[in-house]
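[1] next comes the sequence, and after it the predicted model I'd like to discuss.
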Amino acid sequence: MSEELISKKDLLDLTGISYGQLYRWKRKDLIPEEWFIRKSTFTGQETFFPKEKILERIDKIQTMKENLSLDALADMFSPNISDLQLEKDDLIKRNIVSDTVMNFYLENDMNGLTFQFQRILEAYVLEKLLQSGEINLDEGKMVLQVLKDNAPLIKQKSCELVIIRKLGVSSCLLLINAEAVYLEPGTKMVASLSLMTCMEEIKSKLL
Amino acid sequence: MGKDENLIINGSGSYPGGRYDKISIRGEGTIVNDVECSVFHVYGTSEAVENVTAGSVKIVGEAEFKGNVEAGQTLVMGTMKVGSRAQLKKVKILGMLEVGERLSGDEATIKGSIAVNGDVEYESFDSSGGFEIKGLLTAETIKVSLRFGESRAEEIGGGKITVKRKKNSLLSFGKDAGFLTAKVIEGDDIYLENTKADIVRGKQVNIGPGCQIGLVEYTNDLAHDPSSTIKTKTQL
């Protein structure tokens, strides 16, 4: 998962933002700490960013800051769970979870029809994986179990969900702040999903 | 929710945490668990083993917090040590503050000194004392008056950064002015005096007297006092 990097200077040049803005966004946690990568170059130390992620983030901030305050934006990007609660029908109406997946979710999770963020996330992850046909229903149950068992971790860290399969047997991993995964050649990575991105997607659908 | 109790330690004692209205320690006190209170005053010596959340904190004596501290208003006239993170919204340091990890909040006034092992993040940061920051110092406005000694930060970044030397008005020891050292200073509007930095980057850069800068990169303007040295200048 090595990514293309962009230096701070080039980034400011490309996006037209100033140092002041960049640092302000960093302070407001609009740009995560992990994206500031320090490297030494021939001119001394320079800061680099993962190019694709930072450009996408800055684009989002710039288009949305007209309507939203920086604090509201920070809430949106932060992996902290908001106090949000939604009913089953709301989730279906807002196209976060489809009818079929919702029924499957409720068969496996009997905690009622009111969804807090954690459960919304679980349902949304299932929705993505099942609808794309990457996993089957049994694997869906397994994914759900992993998400439920590790719920406290998911709230705080940047997690990635990886599903692998070998000779028809599947397994599911939750990676925390991982840089890369290497698999044995016979193993196939069926799907990998960043939970942070999922949270942002959900939040942007809710707004 | 009823009114919470006060915890007053006169003499010495060790108490559990929990919720209190006012905590006042005049002798020597230890609080062993997480504690939440509206007021936390220390006139003697105190130790909090875990995390502290308080509306306002006043330290006249000596206080050591082993965990995280979160406070609305903080005034330190003695010594305050925080083991992990400190989130002090409005903080005024007349004595000394030491933080093991990150220090953040809205408004900081430093007349004493701070030593932080992580980053320092404020909206406005005003120091006329000394600081030693191992990480990044960032704020919308950074104002540093150098009176004595050496202040140091690994990196400084923000909107408006002003560093000025200030002679001691009471005792003028001749050229005994303070110094600022940083590897990188980045901001929109920068004015520096008595500063040693490897790299300075900004829109408007004004290098005043007494500076030694390795490289200046500026986009709009660069002004430069003849008594300062700049090795390389580049306009972007």
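    Right, received. Where do you want to start? Residues are numbered from 1 along each chain as shown, chains lettered A, B, ... in the order given.
[2] now do the buried residues in stretch A:137-146.
    Neighbour-count burial for stretch A:137-146, counted by 16 or more other CB atoms under 10 Å in any protein chain shown, picks out A:Glu139, A:Gly140, A:Val143, A:Leu144, A:Val146. C-beta: built from backbone N, CA, C; applies to glycine.
[3] can you name the residue of chain A nearest chain B?
    Going by CB to the nearest CB, chain B is nearest to A:Gly20 of chain A, at 3.3 Å.
[4] of the buried residues of stretch A:137-146, which belong to strands?
    In strands, judged by DSSP state E, none of these are found.
[5] which single one of those residues is nearest to B:Gly135?
    Distance to B:Gly135, by CB to CB, is smallest for A:Val146 among the buried residues of stretch A:137-146, at 34.8 Å.
[6] can you name the residues that contact that closest one?
    Neighbouring residues of A:Val146 by CB atoms under 8 Å, 6 or more residues apart in numbering or on different chains: A:Leu161, A:Cys172, A:Leu173, A:Leu174.
[7] now the strand or helix carrying the second one - C-alpha only, CSV.
    Using DSSP states H and E, the element containing A:Cys172 is strand A:169-176. Only the C-alpha atoms of strand A:169-176 are listed here, as CSV (Å, rounded to 0.1, in the frame of the first residue of the first chain):
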residue,chain,number,x,y,z
VAL,A,169,-12.3,-21.0,3.4
SER,A,170,-12.7,-17.4,4.3
SER,A,171,-11.4,-15.4,7.2
CYS,A,172,-11.7,-11.8,8.3
LEU,A,173,-9.1,-9.5,9.8
LEU,A,174,-9.3,-6.1,11.4
LEU,A,175,-6.1,-4.0,10.9
ILE,A,176,-5.4,-1.1,13.1
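[8] chain neighbours aside, what residue packs nearest to the residue of chain A closest to chain B?
    Spatially, and ignoring its direct neighbours in sequence, A:Gly20 is nearest to B:Gly159 (3.3 Å; CB to CB, 6 or more residues apart in numbering or on different chains).
[9] helix, strand, or coil at the one you found?
    Classification of B:Gly159 using DSSP: H, G, I helix; E, B strand; the rest coil returns strand.
[10] who are the packing partners of the strand holding A:Cys172?
    The contact analysis (3 or more CB pairs under 8 Å, 6 or more residues apart in numbering or on different chains; DSSP states H and E) places strand A:169-176 against helix A:137-149, helix A:151-156, strand A:159-166.
[11] which of these comes out lowest on mean pLDDT?
    Ranked by mean pLDDT, these end with helix A:151-156 in last place, scoring a mean of 72.
[12] measure A:Glu134 to A:Leu5 for me?
    According to CB to CB, to the nearest Å, A:Glu134 and A:Leu5 sit 30 Å apart.
[13] point out the residues in chain A that sit beside chain B.
    For chain A, the residues in contact with chain B (CB under 8 Å from any CB of the partner chain) are A:8-9, A:13, A:18-20, A:22-24, A:26-27, A:43-45.
[14] mind listing what whichever residue of chain B sits closest to chain A touches?
    At 3.3 Å from chain A, B:Gly159 is the closest residue in chain B, using CB to the nearest CB. Counting by CB under 8 Å, 6+ apart, B:Gly159 touches A:Ser18, A:Tyr19, A:Gly20, A:Tyr23, A:Arg24, B:Ala139, B:Glu140, B:Thr141, B:Gly187, B:Asp188, B:Asp189.
[15] how does chain A divide into domains?
    A:5-77, A:85-206 (automatic domain parsing).
[16] so how many other residues sit close to the residue of chain A closest to chain B?
    By the measure other CB atoms under 10 Å in any protein chain shown, the count of residues near A:Gly20 is 22.
[17] hmm, back to that, what about the contacts of A:Val146, which one has the most neighbours?
    Sorting those by how many neighbours each has (other CB under 10 Å) puts A:Leu161 first, at 22 neighbours.
[18] do you know how far it is from A:Glu139?
    Counting by CB to CB - A:Leu161 and A:Glu139 are separated by 12 Å.
[19] with A:Ile163 instead?
    On the measure of CB to CB, A:Ile163 and A:Glu139 end up 7 Å apart.
[20] just the helices in chain A please.
    Ranges of helices within chain A are A:8-15, A:19-27, A:51-64, A:70-77, A:88-93, A:99-108, A:117-131, A:137-149, A:151-156, A:195-206, based on DSSP state H.
[21] B:Ser113 is nearest to which of those helices?
    Nearest of the helices of chain A (CB to CB): helix A:19-27, 22.6 Å.
[22] tell me what the closest one is packed against?
    If you count contacts as 3+ CB pairs under 8 Å, 6+ apart, helix A:19-27 packs onto helix A:8-15, strand B:120-127, strand B:130-146, strand B:150-165, strand B:179-192, strand B:195-207.
[23] just the C-alphas of it, formatted as CSV.
    What follows is helix A:19-27, C-alpha atoms only, in CSV (Å, rounded to 0.1, in the frame of the first residue of the first chain):
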residue,chain,number,x,y,z
TYR,A,19,0.3,27.9,5.7
GLY,A,20,-2.1,29.5,8.1
GLN,A,21,-5.0,27.6,6.7
LEU,A,22,-3.1,24.3,6.6
TYR,A,23,-2.1,24.6,10.2
ARG,A,24,-5.6,25.8,11.2
TRP,A,25,-7.1,22.7,9.7
LYS,A,26,-4.6,20.5,11.3
ARG,A,27,-5.4,22.1,14.7
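[24] can you list the neighbours in contact with that helix?
    So helix A:19-27 is in contact with A:8, A:11-12, A:31, A:33, A:36, A:61, A:70, B:104, B:121, B:123, B:138-140, B:157-160, B:186-188, B:201-203, going by CB under 8 Å, 6+ apart.
[25] repeat the analysis, applying 7 Å as the threshold.
    A:12, A:31, A:61, B:121, B:138, B:140, B:157-159, B:186-188, B:201-202 (CB atoms under 7 Å, 6 or more residues apart in numbering or on different chains).
[26] so which residues make contact with stretch A:100-115?
    In contact with stretch A:100-115 (CB under 7 Å, 6+ apart) are residues A:85-88, A:91-92, A:119, A:123, A:126-127, A:130-131, A:137, A:140-141, A:144.
[27] ugh, typo on my part, it should be stretch A:86-99
    A:Met102, A:Leu113, A:Thr114, A:Phe115, A:Ile120, A:Ala123, A:Tyr124, A:Glu127, A:Gln131, A:Ile202, A:Lys205, A:Leu206.
[28] how about 8 Å then?
    By CB under 8 Å, 6+ apart, stretch A:86-99 touches A:102, A:105-106, A:113-115, A:120, A:123-124, A:126-127, A:131, A:202, A:205-206.
[29] can you name the two of the residues you listed that sit furthest apart?
    A:Thr114 and A:Gln131 (23.3 Å).
[30] just the buried ones from the contacts of stretch A:86-99?
    Buried members of the contacts of stretch A:86-99, counted by 16+ other CB under 10 Å: A:Met102, A:Tyr105, A:Phe115, A:Ile120, A:Ala123, A:Tyr124, A:Leu126, A:Glu127, A:Ile202, A:Leu206.
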